[in-house]
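Peer 1: whatever this is, show me its structure:
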Amino acid sequence: MQRIQLASDLSISKTVHGMMHLSGWNLSKEERLTLIKEVMETGITTFDHADIYGSYQCESLFGEALALEPSLREKMEIVTKCGIVLESPNRPAHRSHHYDTSKAHILSSVERSLKNLSVESIDLLLIHRPDPFMNPEETAAAFDELHRSGKVKHFGVSNFKRSQLNMLESYIDQPLLTNQIELSPYYLENFEDGTLDLSLEKKMPPMAWSPLAGGNILTGKDEKAGRIRAALQEVGSEIGTDQLDEVIYAWLYSHPANISVIAGSGKLERIQSAVRAQEYKMDPHQWFTIYQAVLGHDVP
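Peer 2: Now for the predicted structure:
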């Protein structure tokens with residue numbers, strides 16, 4: 001398993017296991033523990049969470065499993081996110097869907113995440129979405145308190161564009177280590193608007209969410225999905241795999257921004273495909289065969 005060094009005291013596995021759909025996998029806590037251990041046997045040590053996942057249930061489901069074998073904690077990296085507020089029967093006090101990056105909300109979110117995950121510290125905390133109502137002084141104060149207390153070791157963001165990331169960086173003392181963004185051979189916005197360029201500029205390896213575009217690439221009926229699949233098949237035959245998901249992962253792994261990919265499946269074989277894809281390398285011809293299929297035309 002390749003690893004990505006984010007800080008002198010933090011590296012993550014290049015493939016990350018995403019917990020967004022954990023509540024829908026219908027696993028007992030013993031089965032959840034077995035899955036965690038099987039995933040870790042593939043070399044994956046990094047698990048991606050958010051407080052809101054599963055209507056605020058997924059962190060607890062993971063924590064229940066981890067509590068069965070607490071020694072696993074020292075062998076893994078925990079990533080979680082906060083800042084989105086959802087209406088949910090599990091949060092009856094929430095009156096609407098909005099963002100909250102105030103000091104009070106960040107601190108309370110982290111306290112709850114620590115309890116739910118059955119851990120004493122979070123390796124990497126991300127602000128989940130840019131907040132147009134953000135008071136960055138409050139966010140910075142929350143980061144300071146969490147860092148001093150040891151409850152959060154490192155910080156980052158998710159879905160931030162250049163101006164939003166630069167603004168927050170100007171207020172905080174801790175470095176932002178990553179930007180978790182949507183990247184796939186179906187969705188090119190972050191390739192084209194400078195977001196990925198910013199990751200390269202700041203030497204800030206990004207984390208790619210929804211790398212399979214929610215399955216649209218593999219099963220979509222539109223013309224765009226069809227031409228992407230044709231390109232994936234062509235490149236796959238050249239690099240040595242007929243598994244289109246592996247070609248997609250390899251396309252992301254091959255990018256010089258040092259992208260880590262979040263594989264959010266509860267099926268071990270799907271996770272293994274994401275890991276196996278690290279073995280494949282693409283040259284510029286192969287990479288652009290897929291890129292131009294997404295565009296639907298040749299590059300200028």
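Peer 1: alpha carbons of stretch 102-119, in CSV - could you do that?
Peer 2: Extracted in CSV, the C-alpha atoms of stretch 102-119 (Å, rounded to 0.1, in the frame of the first residue of the first chain):
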residue,chain,number,x,y,z
SER,A,102,-18.7,28.8,14.9
LYS,A,103,-16.3,27.9,17.7
ALA,A,104,-19.2,26.5,19.8
HIS,A,105,-20.4,24.2,17.1
ILE,A,106,-17.0,22.9,16.1
LEU,A,107,-16.1,22.1,19.7
SER,A,108,-19.4,20.4,20.4
SER,A,109,-19.2,18.4,17.1
VAL,A,110,-15.7,17.2,17.9
GLU,A,111,-16.7,16.2,21.5
ARG,A,112,-19.6,14.2,20.1
SER,A,113,-17.4,12.6,17.4
LEU,A,114,-14.8,11.5,19.9
LYS,A,115,-17.4,9.9,22.0
ASN,A,116,-19.2,8.2,19.1
LEU,A,117,-16.0,7.0,17.5
SER,A,118,-14.7,5.6,20.9
VAL,A,119,-11.4,7.5,20.4
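Peer 1: buried sites along stretch 189-206?
Peer 2: Of the residues in stretch 189-206, those buried by neighbour count under the rule 16 or more other CB atoms under 10 Å are N190, F191, T195, L196, L198, S199, K202, M204, P205, P206. For the C-beta atoms, the positions are set from N, CA and C on the backbone; glycine is no exception.
Peer 1: now for the longest helix seen in the chain, which elements pack on it?
Peer 2: Of all segments of type helix in the chain, defined using DSSP state H, the longest is helix 223-239. Packed against helix 223-239 by the contact rule (3 or more CB pairs under 8 Å, 6 or more residues apart in numbering; DSSP states H and E) you find helix 216-219, helix 244-253, helix 284-295.
Peer 1: and the ones you listed: which comes nearest E234?
Peer 2: Proximity to E234 (CB to CB) singles out helix 284-295 among the helices and strands packed on helix 223-239, at 6.2 Å.
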